[in-house]
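Novice: would you be able to build a 3D model of this:
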Amino acid sequence: MSADARSANLLGALALALGDELRLATENAAAHGASAPAALVVIGTYPGLTIDALRPALSLSHSGTVRLVDRLEADGLVVRAAGADARSVSLQLTTAGRQAMRALLAERRKVIEGPLASLTGRERRQLELLTEKLLAAMTRTREQADRYCRLCDEGTCPTARCPVECAIH
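Specialist: Here you go, the predicted structure:
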C-alpha cells in the first residue's frame, strides 16, 4: 500500500471512529437521536432561526425538519414564536433546551479530547493547522459550511477564525 493510500485509509478510519463516538455521545446527552443534537446546537447558536434556515444544516426535508421541531417542542426543548412574516416561525431553545445543548457539547468535547490527550502540545498545534487546511479544502458552499459546523461549540471557534467560514467568504 502506498503512503498516500495509507494516509487516506487512516484518515477515513479516524473520521468514522470519531463520528461514531460523537453520534453516540451527543444522542445520549440530548436524549434524542438522529438530527436532534445538531438541531439543538444550531438553534441555540442562532436563536430566532426559521425552519427553512435550520433545514440545510441538518440535511433534512422541510417536512422532516418540521417533525423534528415538533418532537423537540413536545419534549420542552424548543419553542416556536412568530417569525419575520406570517408564514414563518422563529425557533428558540427553552431553559431545558439550553441545558441539553450544554450537556451534549460537553460530551462532544470529552469524546474529542480523549484521543487528543495522547498528543503533545506541538502535535496538537500541527494537527490544528492540518485540520484547518483540510476543512477549508472541503468547504465550497454555505450549505456545506452549515452542515460541517452543526455540532461545533462556536464559542471556541469564532466565525472570523473558522476555516470553514473563511473558505466560503
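
Novice: per-residue confidence at Gln144?
Specialist: pLDDT, Gln144: 93.

Novice: what about the residue lying closest to it once chain neighbours are set aside, distance to Glu27?
Specialist: Distance criterion Cβ to Cβ, 6 or more residues apart in numbering; nearest residue to Gln144, sequence neighbours excluded, is Met138 at 7.2 Å. Every C-beta, even on glycine, is put in place using the N, C-alpha and C of the backbone. Noted for Met138: a distance of 24 Å to Glu27, by Cβ to Cβ, to the nearest Å.

Novice: between these two, who's got more neighbours?
Specialist: Here Met138 and Glu27 are compared on neighbour count by other Cβ atoms under 10 Å; more neighbours surround Glu27, at 17 against 13.

Novice: contact partners for the more buried one?
Specialist: Counting by Cβ atoms under 8 Å, 6 or more residues apart in numbering, Glu27 touches Gly33, Ala34, Ala36, Pro37.

Novice: could you point out the longest helix of this protein?
Specialist: As assigned by DSSP state H, the longest helix anywhere in the chain is helix 3-30.

Novice: and that one, which residues are buried?
Specialist: By neighbour count with 16 or more other Cβ atoms under 10 Å, helix 3-30 contains the buried residues Glu21, Leu22, Ala25, Thr26, Glu27, Ala29, Ala30.

Novice: can you tell me the centre-most residue of this protein?
Specialist: Residue closest to the mean C-alpha point of the chain, counted by Cα atoms, centre = their mean, is Leu151 at 1.7 Å.

Novice: which residues touch whatever helix or strand Val79 lives in?
Specialist: Element membership for Val79 (DSSP states H and E) is strand 78-82. Strand 78-82 has contacts (Cβ under 8 Å, 6+ apart) with 39-40, 43, 48, 69, 72-73, 89-94, 97.

Novice: buried among those residues? Need that as a selection in ChimeraX.
Specialist: This is the ChimeraX syntax for the buried subset of these, where burial follows 16+ other Cβ under 10 Å:
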select :39,40,43,69,72,89,90,91,92,93,97
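
Novice: widest-spaced pair of the contacts of strand 78-82?
Specialist: Farthest pair in the contacts of strand 78-82 (Cβ to Cβ) is Leu40 and Val89. Separation: 16.6 Å.

Novice: just among the contacts of Glu27, which is most surrounded?
Specialist: Greatest neighbour count in the contacts of Glu27, by other Cβ under 10 Å, goes to Pro37: 28 neighbours.

Novice: coming back round to it: among the buried residues of helix 3-30, find the lowest-pLDDT one for me.
Specialist: Ala30 (87).

Novice: returning to what we had before: can I take it that the residue nearest to the centre of the chain is in a strand?
Specialist: No - counting by DSSP: H, G, I helix; E, B strand; the rest coil, Leu151 falls outside a strand, being coil.
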